[in-house]
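A.B. asks: Structure here, sequence nowhere to be found:
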């Protein structure tokens, strides 16, 4: 009859840990609020004006009492801080076996793509018991990906990749919200997460997400972008004056002009496509054209997925030579590392 839960149901491993911390914090807050209020009320009533309480021999100070009422809350506060900090740190580092799914926030919808290319709008299908890593970016304004039953929330920003991970534990249908005001139809930017049994999820993927046409994987879509823009003319299988091969670039340290180095991760590759002169590779001309406004966030994600899939054949690629910011020969307009669809 009275179906008024204090908190949403728990549907992930993190939700259990989060709720335990929440209840501990709430319990300590209530305890000290009641204890302090009771002591204050007692003394207010006992020593009120006109009372017959004996005020002789009033104690001006007591070091032992002061140490106790300062030390105990301090230790409890530090313990809560360490507990919360560890929980936060654990929530930032996904396990190596996490299933990587990309999310693009748009006014006013969530566009989601699975590793095999299955796409969804405002829906996310995931297998129970499998860690899920979401790589997210916004195509317009700031959004916030919020799953209350999983106790996870992460801002989704334009121009920057953010990550979120969780392990769903209970098959079912759960709410998905945007928790950041993002315009007139912000309240409509929602959907559902469907947690499925692993076998059922694999069948769903194999059926193309209940679609007739088989989807392209992000790597396949990225390869198509790469070929359509003739990126191989500058970055083929062997080193040329226009640029080095891109195989094996992702995850390596790249040496830049001026002597600094940077890791070729998703953020660096994206920046090199949109602002190639920001970090120019040592030994190359800073003449690569910008593809800002020519590529959608989805196309950039596909292209990065393709670059991540490339592996150097034979000897390792030279450090820094295959950066997305490595540019072309003077006068050329072919993308040095990536292109628009």
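C.D. replies: Received, thanks. Treat the numbers as computed from the prediction; the structure is a model and nothing was measured.

A.B. asks: list the buried ones in stretch 153-162?
C.D. replies: By neighbour count on 16 or more other Cβ atoms under 10 Å, the buried set for stretch 153-162 is 154-157, 161-162. Any C-beta I mention is one placed from the backbone N, CA and C, and that applies to glycine too.

A.B. asks: how long is it from one end to the other?
C.D. replies: The straight-line separation of the ends of stretch 153-162 (Cα to Cα, to the nearest Å) is 11 Å.

A.B. asks: Can you tell me the closest non-neighbouring residue to residue 256?
C.D. replies: Of all residues not flanking residue 256 in the chain, residue 279 sits nearest, at 5.3 Å (Cβ to Cβ, 6 or more residues apart in numbering).

A.B. asks: Could you grab the helix/strand/coil label for that neighbour?
C.D. replies: Put simply, residue 279 is coil when judged by DSSP: H, G, I helix; E, B strand; the rest coil.

A.B. asks: How many neighbouring residues does it have?
C.D. replies: Using other Cβ atoms under 10 Å, residue 279 is surrounded by 21 other residues.

A.B. asks: tell me the phi and psi of it?
C.D. replies: In terms of degrees, to the nearest 10, the main-chain angles of residue 279 are phi -140, psi 90.

A.B. asks: Correct me if wrong: it contacts residue 261.
C.D. replies: No - shown here, residue 279 and residue 261 do not form a contact pair, counting by Cβ atoms under 8 Å, at 10.0 Å.

A.B. asks: residues near residue 257, how many?
C.D. replies: 13.

A.B. asks: what residues are up against it?
C.D. replies: Contacts for residue 257 (Cβ atoms under 8 Å, 6 or more residues apart in numbering) come out as 280-282, 286.

A.B. asks: May I ask which of those has the most neighbours?
C.D. replies: Most surrounded of the contacts of residue 257: other Cβ under 10 Å gives residue 281, at 29 neighbours.

A.B. asks: measure it to residue 202 for me?
C.D. replies: Distance, residue 281 to residue 202, using Cβ to Cβ, to the nearest Å: 41 Å.

A.B. asks: Give me the secondary structure label for residue 124.
C.D. replies: Counting by three-state DSSP, the backbone at residue 124 sits in strand.

A.B. asks: With residue 298 instead?
C.D. replies: Put simply, residue 298 is helix when judged by three-state DSSP.

A.B. asks: One more: residue 23?
C.D. replies: helix.

A.B. asks: packing partners for the least confident helix or strand in the chain by mean pLDDT?
C.D. replies: In the chain, no helix or strand scores lower on mean pLDDT, DSSP states H and E than helix 218-228, which sits at a mean of 77. Applying 3 or more Cβ pairs under 8 Å, 6 or more residues apart in numbering; DSSP states H and E, we find helix 218-228 packed against helix 297-309.

A.B. asks: Nice, that's everything, thank you.
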